[in-house]
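Novice: would you be able to build a 3D model of this:
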Amino acid sequence: MTHIGFIGLGNMGLPMATNLVAAGHQVSGFDLSAAALTSFAASGGIAASSAIDAVIDADIVITMLPAGKHVEAVYCGADGLIQAAKPGTLFLDSSTIDVDTARKVTQIATDAGMLMMDTPVSGGVAAAAAGTLTFMCGGADEAFAKAKTALDIVGGNIIHAGKSGTGQAAKICNNMMLGIQMISVCEAFAMADALGLERQKLFDISSAASGQCWSLTTYCPVPDIIPTTPANNDYKPGFAVAMMLKDLRLAADAAEAMGVDTQIGQKAKQLYEAMSLQGMDAMDFSGYFEFLTKNKNKEI
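Specialist: Residues are numbered from 1 along each chain as shown. Purely as a prediction, here's the structure:
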């Protein structure tokens with residue numbers, strides 16, 4: 001049994017933490033939400049009184065936080081996790097943040113005698129609950145070897161991307177592709193509707209042809225094709241527009257900083273920004289199809 005501290009018990013963190021509890025580990029969790037702590041305790045976890053309380057004596061600490069500024073604030077400083085944890089603790093940050101912050105915090109942790117990896121995830125809430133997430137891990141071989149046993153419980157694919165920061169690099173590259181692909185699938189279904197092609201026929205053809213992609217065959221954005229997708233549940237997330245927009249902004253910032261031309265990625269960001277401006281932040285990102293319908297014949 002491993003003692004694990006888990007900070008951030010939101011839509012993704014809570015099912016991850018409860019899966020670790022179910023696997024027999026001692027898990028101390030903390031979140032600013034009292035309701036999240038109550039749910040975690042009901043699953044058999046230990047509700048900590050603070051982030052510091054959650055990591056004292058932990059062998060592994062996993063964090064799932066909103067943004068880079070939160071990660072740096074929680075880990076660094078006189079009252080941060082790095083100072084509170086015992087020497088040799090393994091930190092796994094599963095937040096999606098910018099590469100520079102990931103590398104900065106890892107260096108501070110390393111200098112303090114800790115192991116740390118950036119371990120962002122892909123798969124959404126359903127995969128978090130099922131324990132089938134994909135983990136993109138950036139950091140030293142020693143840290144990866146120690147992390148894998150715990151991550152195998154909550155993930156189906158655990159991939160060592162390379163040195164510190166490459167996990168975050170993989171995540172923003174992947175989600176830029178995802179955002180672009182989802183827009184293309186939504187637009188294709190909108191065009192099929194206009195041309196009189198049945199949605200099911202388009203799905204049957206494209207899912208077996210060169211248009212095949214995850215956004216079509218696993219997460220189809222129109223109703224009545226794949227029953228389990230958000231399209232059949234009023235586009236409740238899933239993976240919200242606000243989260244996709246965050247990732248596309250990270251990708252755009254990284255591309256600009258590195259001098260990489262990502263014109264389609266930039267356009268995808270602009271389109272999700274348009275959804276956000278229309279109050280669709282809490283809708284699943286596949287709700288771009290609804291956005292198209294709503295704005296038919298309007299300039300976006």
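
Novice: pull out the buried residues from the strand or helix carrying residue 100.
Specialist: Using DSSP states H and E, residue 100 maps to helix 99-111. Applying a neighbour-count criterion of 16 or more other Cβ atoms under 10 Å, one finds 99, 101, 102, 103, 104, 105, 106, 108, 109, 110 buried in helix 99-111. Every residue, glycine included, has its C-beta placed from N, CA and C.

Novice: does the third one touch residue 165 like I think?
Specialist: Yes: the pair residue 102 and residue 165 passes the contact test of Cβ atoms under 8 Å, sitting 5.0 Å apart.

Novice: find residues that contact each of these two.
Specialist: Common neighbours of residue 102 and residue 165 are listed as 118, 138 (criterion: Cβ atoms under 8 Å, 6 or more residues apart in numbering).

Novice: what helix or strand is residue 117 on?
Specialist: strand 115-118.

Novice: what do you get for residue 91?
Specialist: strand 90-93.

Novice: and that strand, what other elements does it pack with?
Specialist: Applying 3 or more Cβ pairs under 8 Å, 6 or more residues apart in numbering; DSSP states H and E, one finds that strand 90-93 makes contact with strand 60-63, helix 68-75, helix 99-111, strand 115-118, helix 141-154.

Novice: same list, the ones you listed, but as a markdown table with mean pLDDT and distance to residue 192 please.
Specialist: As requested, the helices and strands packed on strand 90-93 are exported to a markdown table (pLDDT from 0 to 100; distance: least, Cβ to Cβ, whole Å):
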| stretch | mean pLDDT | distance to residue 192 |
| --- | --- | --- |
| strand 60-63 | 98 | 43 |
| helix 68-75 | 96 | 40 |
| helix 99-111 | 97 | 38 |
| strand 115-118 | 98 | 40 |
| helix 141-154 | 96 | 38 |
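
Novice: could you pull out the helices for the protein?
Specialist: 13-22, 34-42, 51-55, 68-75, 81-84, 99-111, 124-130, 141-154, 166-195, 199-206, 214-217, 241-258, 263-277, 288-294 (DSSP state H).

Novice: tell me the buried residues in the third one?
Specialist: Neighbour-count burial for helix 51-55, counted by 16+ other Cβ under 10 Å, picks out 51, 52, 54, 55.

Novice: got it, and the fifth one?
Specialist: Buried positions in helix 81-84, judged by neighbour count with 16+ other Cβ under 10 Å: 81, 82, 84.

Novice: that older thread, looking at the helices and strands packed on strand 90-93, which is nearest to residue 227?
Specialist: For residue 227, the closest of the helices and strands packed on strand 90-93 is helix 141-154, at 25.4 Å, according to Cβ to Cβ.

Novice: same for the closest one, what does it pack against?
Specialist: The contact analysis (3+ Cβ pairs under 8 Å, 6+ apart) places helix 141-154 against helix 13-22, strand 60-63, strand 90-93, strand 115-118, strand 133-138, strand 155-162.

Novice: and those as a markdown table, adding mean neighbour count?
Specialist: Formatted as a markdown table, those follow (neighbours: other Cβ atoms under 10 Å):
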| stretch | mean neighbour count |
| --- | --- |
| helix 13-22 | 23 |
| strand 60-63 | 26 |
| strand 90-93 | 27 |
| strand 115-118 | 27 |
| strand 133-138 | 25 |
| strand 155-162 | 18 |
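
Novice: low-confidence ranges in the stretch 101-250 of the chain?
Specialist: Within the stretch 101-250 of the chain, the set of residues satisfying pLDDT under 70 is empty.

Novice: select, out of the helices of the chain, the one closest to residue 300.
Specialist: Nearest of the helices of the chain (Cβ to Cβ): helix 263-277, 5.5 Å.

Novice: now the closest one: how far from the chain's centre is it?
Specialist: The gap between where helix 263-277 is centred and where its chain is centred comes out at 19 Å by Cα atoms, centre = their mean, to the nearest Å.

Novice: could I get the average pLDDT for it?
Specialist: Average pLDDT, helix 263-277: 98.

Novice: that helix packs against which elements?
Specialist: helix 166-195, helix 241-258, helix 288-294.

Novice: buried residues, that helix. List them.
Specialist: Neighbour counts over helix 263-277 (16+ other Cβ under 10 Å) mark 265, 266, 268, 269, 271, 272, 275, 276 as buried.

Novice: ok, stretch 281-288 next?
Specialist: 281, 283, 284, 285, 286, 287, 288.

Novice: quick one, what contacts the residue nearest to the first one when sequence neighbours are not counted?
Specialist: Once flanking residues are discounted, residue 281 sits nearest to residue 242: 4.1 Å by Cβ to Cβ, 6 or more residues apart in numbering. Contacts of residue 242 were listed using Cβ under 8 Å, 6+ apart, and they are 276, 281, 282.

Novice: fine, thanks again, bye for now.
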